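> what would the 3D arrangement of this be:
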Amino acid sequence: MGFFFRRSSILGLLLLFLICLPSNATSLPQATPSQRHNGHSYMNRLLNFPFTWTSKKSRKNLNQWLDTHPKLLRNLQRYENEVVIRFNVSTSAHEAALRKAIDQMLIDVWDFTDNYTDIRIEARRIRPLMGILPPSLHDNHFVLIPDLARAVAATYPSDAPSHSIVQSSSNDWGITPTNDIPAPKKRGVDDIFFHDYQPLSVINTWMKLLDSMFRGRGLVRMVIIGKSYEGRDIPALRVGIPTSSAMPAGSKSPKDTILITGGMHGREWISPATVNYVAWSFIRSIDEDPMIVKILEHFDIVFVPVLNPDGYEYTWDVDRLWRKSRQRTKMQYCPGFDLDHAFGYRWDATQHQTEPCSESFGGYQPFEAVEAAQLADWAKNETDKGVKFVAYLDLHSYSQQVLYPYAYSCAVRPPNLENLQEVAMNLAKHMRLSNGEVYTTTSACEGAVASADNVANAERMRVEAGGGSAIDYIFHELGARYSYQIKLRDTGSYGFLLPSEYIIPTGEELYQAMKYLGDYLLGNNGHESWDDSRSGENPSKKNTPAAEENEDITELRRRRRRRCIGCT
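Numbers count the residues shown, from 1 in each chain. Okay, the predicted model is just below:
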């Protein structure tokens, strides 16, 4: 194929780009001498561990970073009095009590799964929290991260060697050298980009570089899907092999498309890094892997690394743990929208997501969040052009889960539930085969307690409302039959503060999962029929032609089982 490229031709360009990476991507006023003095004094104390985990050079670099980001220092000092606590939640009554307390005290929920809920809270507020929780929860929790400021400081760029926060048997934490972080696979200087988290300006420069290098070959095209509330572009990379030029004029039709988004929540840095890693892996593997060639011949893949650029930028300049967008609300001191509660499908104004100071605030009405509306408008415009979205992956952190629709309710099952479950289990399987990490699968409607089959339990008071989610909207309104939210590493040791040494291993896991998904879709083109008899929901007529609706479901299941022989 004429557009294949030589690896040596791109490594030079990438090396030049990486050498020129700005060590500071934003320009803020320099700190005053007193700020620098206080900042250095505080950072020296913060990094003065009984363990030698960082070199003088890396500590100096971190101080230089804070010199140009004085607001970060103030937030680090605030985090000094905060901890992350894990509650072992085993009953729906516990979950309802915890949800009530979270709403009442406006507590930041870090994560929730079928057996635990992690929250961030000031140490002085722990006693009042326990006062409104049932006694049975008092002994069912432990401190996961006792010194949040240290953990946050460790995530900013430095030349420090691999380090890890490890938990002792007494739940006391420290920073120690460790060998538990897998060594990155050495493939070339291009991987240098993924040896650390990158600020927004560097990510955008990287995407422009890929566009300029491969657009002429028709392999990569950078597109802007919209603008954020603060006016930043939301760029994406469309990756795919052009259809044969030998086809008659006018006979070409838009290729089916797989959409993958990251960076919906600002503080989840592993998400944009993983989207970029998977995009690059597909691009550079085209001259090495026939399966990649086959996938990209049949599908375009649209990679959106940072859907929430304002929030992501804010985590680099001001507040590392900022979650939402930066859009103004009716409450001056509580800006920001949770984009994953802002989409129009089953948006629920009766849930607590309408409290502006809540971390899950989805707005006062559907699509009020600018970035969610921009993604929906772009996707609708694509479908108007004849594009069919066959799959959607929305990357988040943390907890190592593969979640499928519906998020808004456990009482209603999607019409192709068995297909969704099958693919989810195999996505998890291929991620596990990559590095041995276990990913679990479940419906996105699940709260902190796995629901039973009865409707009453399915409609219980959950830790976080699920209405207005992206996976539900793109699944139901745009007909993407395989729609998933994937929560990446880890399972709580670092949470949102995953060290950069995990970027490449996590990216490899998602890359292998994406290869499986592409191979699976090649077998049915993502055009399986909806089994409406199993759900009270009906997809739009536009995406379910009569011929599809009448297809024999038994035959589909038989073919699926045949394809999946040996995949358990």
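> now residue 286: how far from residue 521?
18 Å (CB to CB, to the nearest Å). Every residue, glycine included, has its C-beta placed from N, CA and C.
> no no, residue 496
Residue 496 is 31 Å from residue 521, by CB to CB.
> for the two, indicate the residue with more neighbours.
Higher neighbour count among residue 496 and residue 521: residue 496, with 27 against 21, using other CB atoms under 10 Å.
> where do the strands sit along the chain?
Assignment of strands within the chain using DSSP state E yields the ranges 82-88, 108-112, 116-122, 141-145, 163-167, 173-177, 220-227, 233-239, 256-261, 299-304, 389-397, 401-404, 440-443, 482-488.
> a markdown table for these, including mean pLDDT and distance to residue 98?
Shown next, in a markdown table, are those (pLDDT from 0 to 100; distance: least, CB to CB, whole Å):
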| stretch | mean pLDDT | distance to residue 98 |
| --- | --- | --- |
| strand 82-88 | 95 | 6 |
| strand 108-112 | 92 | 9 |
| strand 116-122 | 94 | 6 |
| strand 141-145 | 93 | 10 |
| strand 163-167 | 31 | 22 |
| strand 173-177 | 34 | 23 |
| strand 220-227 | 98 | 36 |
| strand 233-239 | 98 | 35 |
| strand 256-261 | 98 | 29 |
| strand 299-304 | 98 | 33 |
| strand 389-397 | 98 | 21 |
| strand 401-404 | 96 | 19 |
| strand 440-443 | 94 | 19 |
| strand 482-488 | 98 | 19 |
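> go through those and name the closest to residue 418.
strand 401-404 (10.9 Å; CB to CB).
> show me what the closest one is in contact with.
Contact with strand 401-404 is made by 113, 414, 420-421, 424-425, 427-428, 439-444, 446, 471, 483-487, as judged by CB atoms under 8 Å, 6 or more residues apart in numbering.
> listing partners with orientation, what would you give for that strand?
strand 440-443 (parallel), strand 482-488 (antiparallel) (DSSP bridges).
> show residues contacting the first one.
Applying CB under 8 Å, 6+ apart, the contact partners of strand 440-443 are 113-114, 400-406, 410, 421, 424-425, 427-428, 450.
> if we use 10 Å, what do you get?
Contacts to strand 440-443, defined as CB atoms under 10 Å, 6 or more residues apart in numbering, come from residues 113-114, 399-407, 409-410, 413-414, 417, 420-429, 450-451, 458, 466, 484, 486-487, 491.
> tell me how far the ends of stretch 355-363 are from each other?
Distance across stretch 355-363, first residue to last, is 8 Å (CA to CA, to the nearest Å).
> quick thing: my sequence starts at 48, can you match it?
Sure thing, new numbering starts at 48, so read that last one as stretch 402-410.
> let's test this: mean pLDDT of it, rounded?
Across stretch 402-410, the average pLDDT comes to 89.
> mind listing what residue 557 touches?
307, 309, 321-322, 324-325, 328, 440, 442, 474, 477-478, 481, 533, 535 are the contacts of residue 557 under CB under 10 Å, 6+ apart.
> per-residue confidence at it?
98.
> one more: residue 501?
Residue-level pLDDT assigned to residue 501 equals 35.
> equivalent analysis for residue 455, please.
pLDDT, residue 455: 90.
> same question for residue 391.
92.
> which ones are touching it?
Applying CB under 10 Å, 6+ apart, the residues contacting residue 391 are 412-414, 419-420, 423, 514-515, 519-520, 523-524.
> for the residues you listed, give me CSV that also has distance to residue 547 and neighbour count.
Shown next, in CSV, are those (distance: CB to CB, whole Å; neighbours: other CB atoms under 10 Å):
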residue, distance to residue 547, neighbour count
412, 39, 11
413, 36, 22
414, 34, 19
419, 29, 29
420, 32, 18
423, 32, 22
514, 34, 23
515, 32, 30
519, 32, 28
520, 32, 28
523, 36, 23
524, 36, 19
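> so among the residues you listed, where is pLDDT lowest?
residue 514 (86).
> over to that residue: give its phi and psi.
phi -70, psi 150 (degrees, to the nearest 10).
> can you give me the helices in the stretch 98-247 of the chain?
103-114, 117-126, 139-152, 173-179, 182-185, 195-200, 247-261 (DSSP state H, counting those that start in this stretch).
> go through the ones you listed and pick out the most buried.
helix 195-200 (a mean of 22; mean count of other CB atoms under 10 Å).
> now for it, which elements pack on it?
helix 80-93, helix 103-114, helix 117-126, strand 129-135, strand 163-169, strand 220-224 (3 or more CB pairs under 10 Å, 6 or more residues apart in numbering; DSSP states H and E).
> tell me the mean pLDDT over it?
If you average the pLDDT over helix 195-200, you get 89.
> which secondary element of the protein has the worst mean pLDDT?
strand 210-214 (a mean of 31; mean pLDDT, DSSP states H and E).
> skipping adjacent residues, who's closest to residue 123 in space?
In space, and not counting its chain neighbours, residue 123 is closest to residue 196: 5.0 Å by CB to CB, 6 or more residues apart in numbering.
> beta-bridge partners for the nearest residue to residue 257 once chain neighbours are set aside, please?
Among residues not flanking residue 257 along the chain, residue 267 sits closest, at 5.4 Å (CB to CB, 6+ apart). Beta-bridge partners recorded for residue 267 (DSSP bridges): residue 286.
> what's the neighbour count on residue 267?
Residue 267: 21 neighbours (other CB under 10 Å).
> quick one: pLDDT of residue 345?
96.
> endpoints of stretch 422-442, how far apart?
Note: stretch 422-442 ends 15 Å apart using CA to CA.
> same question for stretch 303-314.
32 Å.
> again, but for stretch 122-140
So stretch 122-140: terminal residues 35 Å apart, CA to CA.
> check contacts around the residue nearest to residue 257.
Counting by CB under 10 Å, 6+ apart, residue 267 has contacts 254, 257-261, 284-287, 326, 329-330, 350.
> redo those residues as TSV? Include distance to residue 239.
Output for those, formatted as TSV (distance: CB to CB, whole Å):
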residue	distance to residue 239
254	16
257	15
258	20
259	19
260	16
261	19
284	19
285	25
286	21
287	26
326	16
329	19
330	16
350	20
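> of those, closest to residue 151?
Distances from residue 151 to the contacts of residue 267, taken by CB to CB, are shortest for residue 350, at 39.9 Å.
> how close does that closest one sit to residue 253?
Counting by CB to CB, the gap from residue 350 to residue 253 is 12 Å.
> what's the answer for residue 307, then?
From residue 307 to residue 253 the distance is 16 Å (CB to CB).
> enumerate every residue touching the closest residue in space to residue 516 that isn't next to it in sequence.
Closest residue to residue 516 apart from its sequence neighbours, by CB to CB, 6+ apart: residue 454 at 3.9 Å. With contact set as CB under 10 Å, 6+ apart, residue 454 has these partners: 387-388, 390, 392-393, 490-493, 511-520, 522, 530, 532.
> need the phi and psi values for residue 454.
Per degrees, to the nearest 10, the backbone of residue 454 is at phi -90, psi -30.
> hang on, residue 248 packs against residue 282?
No. Look at residue 248 against residue 282 with CB atoms under 10 Å: they stay out of range, at 11.8 Å.
> joint contacts of residue 350 and residue 253?
284, 323, 326-327.
> bridged to the residue nearest to residue 443 when sequence neighbours are not counted, which residues?
Counting by CB to CB, 6+ apart, residue 443 lies nearest to residue 534, which is 5.0 Å off, once chain neighbours are set aside. Going by DSSP bridges, residue 534 is paired in beta bridges with residue 443, residue 448.
> please consider this matter closed, and thank you.
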